[in-house]
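K.L.:
turn this into a structure:
(one chain, ligands or ions: 1)
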Amino acid sequence: MEPSIILALDFSKRQELDHLLSAVKDEELFVKVGMEAFYLYGPKLVDELKQRGHSVFLDLKLHDIPNTVNKAMRGLAGLGVDLINVHASGGSRMMAAAIEGLEAGTSAGEKRPMCIGVTQLTSTSEEMLRKELQISLNMKDSVVTLANLAKNSGLDGVVSSALEVPMIKDACGDEFLTVTPGIRLEGDLAGDQNRVCSPTKARALGSDYIVVGRSITASPDPLAAYVKLKTEWGMTHEIHR
Ligand SMILES: O=c1ccn([C@@H]2O[C@H](COP(=O)(O)O)[C@@H](O)[C@H]2O)c(=O)[nH]1
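P.N.:
Presented below is the predicted three-dimensional model:
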């Protein structure tokens, strides 16, 4: 599998989303639809993106009781997305139920969406983990514990900061997907992100996919920012599953 960039379409105005897509219209894209756009534009937006030929990561981070997650995944599998996720902290039964739901909702002959687990959000710092969340493990150990749980529950990979990728790969193997947000070009503001990494470093650390939002979406020239990211990430060609 070739490493790739996932472009986060975090917009609440449809016009702004369309403007970005037209700026990068000649690129073969892997896009991410998160809560902000999905709660407003729903399955129709996903369908449009698939019709345009883009690969789609539906980033809804499901976290509920196993039965609810199972039923939700049955429905979401029908949208034909390539990648979807849950919070790994929902536990092994919830994650196994997510996979069962995806398998049940995928039509015969189709590939089920890959499913990954969010370990610790990239906006979480060591201090928040310890003081607010009262987790006694340090960040790396907590991330690796959740990655192991995700793997043993049948998930295809995890979301983490790129900084934790080497430890995840050591524990879970090279084939276990690592999808890493919190990516910033030099000079970009970290904003609400805590565990940030440059595209070049993320590549060196072994990330499979970097997720990039504001470094591109907030740029006055989104195409130039996308191309710069591609170059820094060392992308040889885009993949389409
Ligand atoms: O731990 C996580 C999980 C998901 N995200 C999502 O990635 C993008 C990042 O956006 P930026 O603008 O590049 O910061 C955003 O959609 C998040 O919901 C994350 O950042 N961290």
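K.L.:
only C-alpha atoms from now on, for both contacts and neighbour counts.
P.N.:
Fine.
K.L.:
how about Ile210, secondary structure?
P.N.:
Following DSSP: H, G, I helix; E, B strand; the rest coil, Ile210 is assigned to strand.
K.L.:
typed the wrong thing, it's Ser89
P.N.:
helix.
K.L.:
as a check, name the ranges of all helices in the chain.
P.N.:
14-23, 35-51, 66-77, 92-105, 126-127, 139-152, 165-172, 199-205, 214-217, 222-233 (DSSP state H).
K.L.:
dump those to TSV, plus mean pLDDT, mean neighbour count and distance to Gln120.
P.N.:
Output for the helices of the chain, formatted as TSV (pLDDT from 0 to 100; neighbours: other C-alpha atoms under 10 Å; distance: least, C-alpha to C-alpha, whole Å):
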stretch	mean pLDDT	mean neighbour count	distance to Gln120
helix 14-23	97	14	28
helix 35-51	98	16	18
helix 66-77	98	20	19
helix 92-105	98	22	16
helix 126-127	97	14	10
helix 139-152	98	21	6
helix 165-172	98	19	13
helix 199-205	97	19	17
helix 214-217	96	22	20
helix 222-233	95	18	23
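K.L.:
flag every residue of the chain that's near the ligand.
P.N.:
Proximity of the chain to the ligand, by C-alpha under 6 Å from any ligand atom, involves residues 8, 10, 34, 121-122, 160, 181-183, 211-214.
K.L.:
shouldn't Leu205 be in contact with Ala162?
P.N.:
Yes. Judged on C-alpha atoms under 8 Å, Leu205 makes contact with Ala162 at a distance of 6.7 Å.
K.L.:
list the contacts of the most centrally placed residue in the chain.
P.N.:
For the chain, Val179 is the residue whose C-alpha lies nearest the centre (C-alpha atoms, centre = their mean; 5.3 Å). Counting by C-alpha atoms under 8 Å, 6 or more residues apart in numbering, Val179 makes contact with 157-160, 162, 207-211.
K.L.:
orientation of the longest strand along the chain relative to helix 66-77 in degrees?
P.N.:
Counting by DSSP state E, the longest strand found in the chain is strand 55-62. Put simply, strand 55-62 runs at 160 degrees to helix 66-77, going by axes from the mean of the first three to the mean of the last three C-alpha atoms, to 10 degrees.
K.L.:
how much does strand 55-62 deviate in direction from helix 35-51?
P.N.:
Using the same axes, to 10 degrees: strand 55-62 against helix 35-51 is 150 degrees.
K.L.:
name the residues of strand 55-62 that are buried.
P.N.:
Buried residues in strand 55-62, counted by 16 or more other C-alpha atoms under 10 Å: 55-62.
K.L.:
give me the average confidence score over it.
P.N.:
Strand 55-62 shows a mean pLDDT of 98.
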